[in-house]
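Colleague: What shape does this take:
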Amino acid sequence: MSLLAGLGGGTAARPKVRARSGHHWWLLGPGLVYLLLFFLVPVVLLLVTSLKVPVAGAEHGEYAFAMHWQNYGDALSQFWRPLVRSFGFAAIATLFALAVGYPMAYAIAVRARTRPLLQGLLLVLVIAPFFTSFILRTWAWRQILADQGPVVSALQWWHILPADGRLSATPFAVVWGLVYSFLPFMVLPIFANLGRLDPRMLEAGADLYASPFTTFRKVTFPLSLPGVVSGTLLVFIPASGDYVNSSLLGNSTNAQMIGQVIDARFLNLFYPTATALSTILMVAILVLVTTYVRRSGTEDLL
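Modeller: Here you go, the predicted structure:
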């Protein structure tokens, strides 16, 4: 301390403290205004609308705010099956996307690490579907899985499907469409996480006589868990409320998802029930996601 005091002329050097300014609020301002106008306000309007009732004697389907919580009970009692089915389809699609996407991300990030050209080409192939319209891609799968399409004809020829069997308008088609549509959202977060993995840790596992499977189980997968959690959330959340795949590839009672129900209630029937269903879906997803993240030990993602 005396040496520091001598060098500093009798007083210890103190780090300069930068004066606080309000410039950061100017940087946050546009984003906050955007979230206020296009997220918070619509959510509030959604909640208000879900508590409305029809105006007696109105000719044009007018509704009035009445704190009618029974709309939520009616929505659940009538449409709990599509709601549960939506979460089931989303969970199955997420598991399939993880089973397919993790090996893809591992191959691109780890196996192709020393080949930048190959790695870039594989990434382009993963992102390439985004260059085409989401609806056009789903419509293409509708034609591929059609009753007279090549897939059904081949499965019937191999006697995997009966002569009158079909794939379109079935839960299989909906889940397959969800997996295909959201697979890049699973691959990219896992790839980004594995890309930051230190190769020396894998070499250390080999030096300690661990088998490749043991190294993967003890080192690679635990370190890639944040990417896995991010990928599963990015697939499960939009898949739960999907409308396009269930409408174009399902379009049947046993493949109907909650997005179709909300669409029908908004456009043709009692739309306070549709807003109640939207609120229930939003809250259910929030609870499931929060529970999943906390159980997986990656609370920093919240």
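
Colleague: Just say helix, strand or coil for the closest residue to Y271 other than its chain neighbours.
Modeller: In space, and not counting its chain neighbours, Y271 is closest to R265: 5.9 Å by C-beta to C-beta, 6 or more residues apart in numbering. (Each C-beta comes from the backbone N, C-alpha and C, glycine too.) Of the three states, R265 takes helix according to DSSP: H, G, I helix; E, B strand; the rest coil.

Colleague: so R265 touches T273, yeah?
Modeller: Yes: the criterion here is C-beta atoms under 8 Å, and R265 meets it with T273 at 5.2 Å.

Colleague: for the longest helix along the chain, which positions count as buried?
Modeller: Across the chain, the longest stretch assigned as helix under DSSP state H is helix 70-106. Under the neighbour-count criterion of 16 or more other C-beta atoms under 10 Å, helix 70-106 has 71-72, 74-75, 79, 82-83, 85-87, 89-94, 96-98, 101-102, 104-106 buried.

Colleague: Now do that helix: distance to the chain's middle.
Modeller: Its chain's C-alpha centre and that of helix 70-106 lie 11 Å apart, by C-alpha atoms, centre = their mean, to the nearest Å.

Colleague: And that helix, what does it pack against?
Modeller: helix 171-195, helix 225-240, helix 258-267, helix 271-296 (3 or more C-beta pairs under 8 Å, 6 or more residues apart in numbering; DSSP states H and E).

Colleague: Could you export those helices to a markdown table, including columns for mean pLDDT?
Modeller: As requested, these are exported to a markdown table (pLDDT from 0 to 100):
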| stretch | mean pLDDT |
| --- | --- |
| helix 171-195 | 94 |
| helix 225-240 | 94 |
| helix 258-267 | 85 |
| helix 271-296 | 89 |
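
Colleague: Quick one: those as TSV, columns for mean neighbour count and distance to V41 too.
Modeller: Compiled in TSV, the helices and strands packed on helix 70-106 are given as follows (neighbours: other C-beta atoms under 10 Å; distance: least, C-beta to C-beta, whole Å):
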stretch	mean neighbour count	distance to V41
helix 171-195	23	27
helix 225-240	22	21
helix 258-267	18	18
helix 271-296	17	14
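
Colleague: Can you lay out the ones you listed as JSON lines showing distance to L123?
Modeller: JSON lines is the format used below for the helices and strands packed on helix 70-106 (distance: least, C-beta to C-beta, whole Å):
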{"stretch": "helix 171-195", "distance to L123": "7"}
{"stretch": "helix 225-240", "distance to L123": "15"}
{"stretch": "helix 258-267", "distance to L123": "30"}
{"stretch": "helix 271-296", "distance to L123": "26"}
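
Colleague: To L249, which of these lies closest?
Modeller: Among the helices and strands packed on helix 70-106, helix 171-195 comes nearest to L249, with 4.1 Å by C-beta to C-beta.

Colleague: which residues make contact with the next helix or strand after the closest one from outside it?
Modeller: Toward the C-terminus, helix 171-195 is succeeded by helix 199-207 as the next helix or strand (DSSP states H and E). Outside helix 199-207, the residues that touch it by C-beta atoms under 8 Å, 6 or more residues apart in numbering are V110, R113, T214, T215, K218, V219, T220, L223.

Colleague: Tell me which residues touch the residue nearest to Y271, please.
Modeller: Contacts of R265 (C-beta under 8 Å, 6+ apart): Y271, T273, A274, L277.

Colleague: Could you find the closest non-adjacent residue to the spatially most central residue of the chain?
Modeller: The centroid of the chain falls nearest to L234 when counting by C-alpha atoms, centre = their mean (2.4 Å). Among residues not flanking L234 along the chain, F185 sits closest, at 3.9 Å (C-beta to C-beta, 6+ apart).

Colleague: Can you tell me how far that neighbour is from A146?
Modeller: Distance, F185 to A146, using C-beta to C-beta, to the nearest Å: 27 Å.

Colleague: next one: T132
Modeller: For T132, the distance to A146 equals 19 Å [C-beta to C-beta].

Colleague: again with L27
Modeller: As judged by C-beta to C-beta, L27 and A146 stand 51 Å apart.

Colleague: so how many other residues sit close to R115?
Modeller: Residues within reach of R115, counting by other C-beta atoms under 10 Å, total 11.

Colleague: same deal with the one 5 residues further on?
Modeller: Residues within reach of G120, counting by other C-beta under 10 Å, total 12.

Colleague: Check the gap between it and V110 for me.
Modeller: 15 Å.

Colleague: and stretch 150-163, which residues are buried?
Modeller: Buried positions in stretch 150-163, judged by neighbour count with 16+ other C-beta under 10 Å: V152, Q156, L161.

Colleague: ok, residues contacting it?
Modeller: So stretch 150-163 is contacted by I144, L145, A146, G165, R166, L167 (C-beta under 8 Å, 6+ apart).

Colleague: How about stretch 120-132?
Modeller: Contacts of stretch 120-132 (C-beta under 8 Å, 6+ apart): M104, A107, I108, A112, R137, Y180, P184, V187, L188, F191.
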